[in-house]
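Participant: no sequence for this one, just the structure:
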């Protein structure tokens, strides 16, 4: 995975590899958000101090939420509903839409053509319980000719 990530960083070999480790979202209700990210996105909910984090394999979302006073934070800290995140879906866009429907999560937009980290893809957009915009992007397998 690291070699693939570096291929997108630049056309020449970097001195150091910089790969996103984690990012932060903010939620207004722990129980509701934990259930959503676990059941709809497949996250492992990880207790972290007074709050939680969401793990997706090697990726992680740290979560600011009720009862926490995190520091340091951005100059304008992220608020519940203020994130815009894309997750790679390994099935088809139709499978992603059906999965969302199974969880009573409305598709806001899509399937629609988009460009992501791995090139051209097809995306469906939806929202988490606080209103953050989430995206499932799918990539077609390479031609085997």
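Facilitator: That came through fine. This structure is a prediction, so every number in the text was calculated from the model and none was measured.
Participant: so where's this protein shaky on pLDDT?
Facilitator: Scanning the chain with the threshold set as pLDDT under 70 gives 1-14, 142-145.
Participant: in it, which spans are helices?
Facilitator: 2-9, 30-39, 93-102 (DSSP state H).
Participant: just the angle between the last one and helix 30-39, please?
Facilitator: So that's helix 93-102. Orientation note: helix 93-102 sits at an angle of 150 degrees relative to helix 30-39 (axes from the mean of the first three to the mean of the last three C-alpha atoms, to 10 degrees).
Participant: ok now helix 93-102, how far from the chain's centre?
Facilitator: In terms of C-alpha atoms, centre = their mean, to the nearest Å, the centre of helix 93-102 is set 16 Å apart from its chain centre.
Participant: and that helix, what other elements does it pack with?
Facilitator: strand 109-116, strand 119-127, strand 133-138 (3 or more C-beta pairs under 8 Å, 6 or more residues apart in numbering; DSSP states H and E). Backbone N, C-alpha and C define where each C-beta goes, glycine included.
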